[in-house]
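Asks: Please find the sequence and the predicted model below.
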Amino acid sequence: MIFFSAAIAHLLAVISPGPDTAIIFRQSFARGRAQGILTALGIGSGIFVHCFFAISGISLLIYSSEEAKFFIKCSGALYLLFLGLSFFTSKKSSKSNEPKVLFKNSFVIGLVTNLLNIKAFLFTVSLFSFINLDSNSLMSIIYLLYFPLITAAWFSFVSYALTHQSMGDIFNKHSDYIQFASSGFIAGLGLIILLQTVYELF
């Protein structure tokens, strides 16, 4: 029963709009289905790291430190800001639709985006604090494998759906607007997180 509840909570968190969803949109439109799916695998790997840290108790240690929490939030916010604004700066400096990014590899882009996703970090900390697993138990291994696989599968499906032939004409026609919106959403999230983090200092 606990596993079922956790699985539903995880699925709802995964499908809710956030940096991971936005980066899948942008990667799928800018670089195609294969790179979108590779980005999804990177996001799933990021969830694996979050779950491993949460189950082993490392995340709780990090979360208990105000300095570490501040550093993670700021790093994530600045990365999202760079990721979102890179689309707009590339449009001004080049005719190419593909923005300049810190990382060229789609898997790494998905991995870093998720690792610096404060929502994913806080979700896994909260969830596994509630579940209170023994890190050496079979259930901890099941959670450790299930959440990353479902996450990667969901975002792979999203990338596949976005680039499916039946939807291709519609999305290709409006791809610039969609990339604009997803990049704006990423940059906006970064700005909000950064402002909230700085505001908490005062």
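Replies: Yep, it's here. A quick note: this is a predicted structure, and the numbers were derived from the prediction, not measured. Numbering: from 1, shown residues only.
Asks: List the contacts of stretch 60-75.
Replies: 53-54, 116, 118, 121-122, 125, 129, 193-194, 196-197, 201 (C-beta atoms under 8 Å, 6 or more residues apart in numbering). Bear in mind the C-beta positions are built from the backbone N, C-alpha and C, glycine included.
Asks: residues in contact with the helix or strand Tyr146 falls within?
Replies: Element membership for Tyr146 (DSSP states H and E) is helix 138-162. By C-beta under 8 Å, 6+ apart, the residues outside helix 138-162 that reach it are 3, 6-7, 10-11, 14-15, 20-21, 24-25, 27-29, 33, 36-37, 39-41, 43-45, 47-48, 51-52, 55, 110, 128, 131, 133-134, 167, 171.
Asks: My guess is Gly46 contacts Gly110. True?
Replies: Yes. Gly46 lies in contact with Gly110 (C-beta atoms under 8 Å); the separation is 6.9 Å.
Asks: And the two? Which one has more around it.
Replies: More crowded of Gly46 and Gly110, by other C-beta atoms under 10 Å: Gly110, with 29 against 24.
Asks: Now that one. Nearest residue, chain neighbours left out?
Replies: Gly42 (2.6 Å; C-beta to C-beta, 6 or more residues apart in numbering).
Asks: so that neighbour touches Val108, yeah?
Replies: Yes. Gly42 is in contact with Val108 according to C-beta under 8 Å; the separation is 6.3 Å.
Asks: between these two, which one's more packed in?
Replies: Gly42 (26 against 16).
Asks: roughly how far is the one helix or strand the more buried one maps to from the heart of the chain?
Replies: Assigned by DSSP H and E, Gly42 belongs to helix 33-56. Distance of helix 33-56 from the chain centroid (C-alpha atoms, centre = their mean, to the nearest Å) equals 8 Å.
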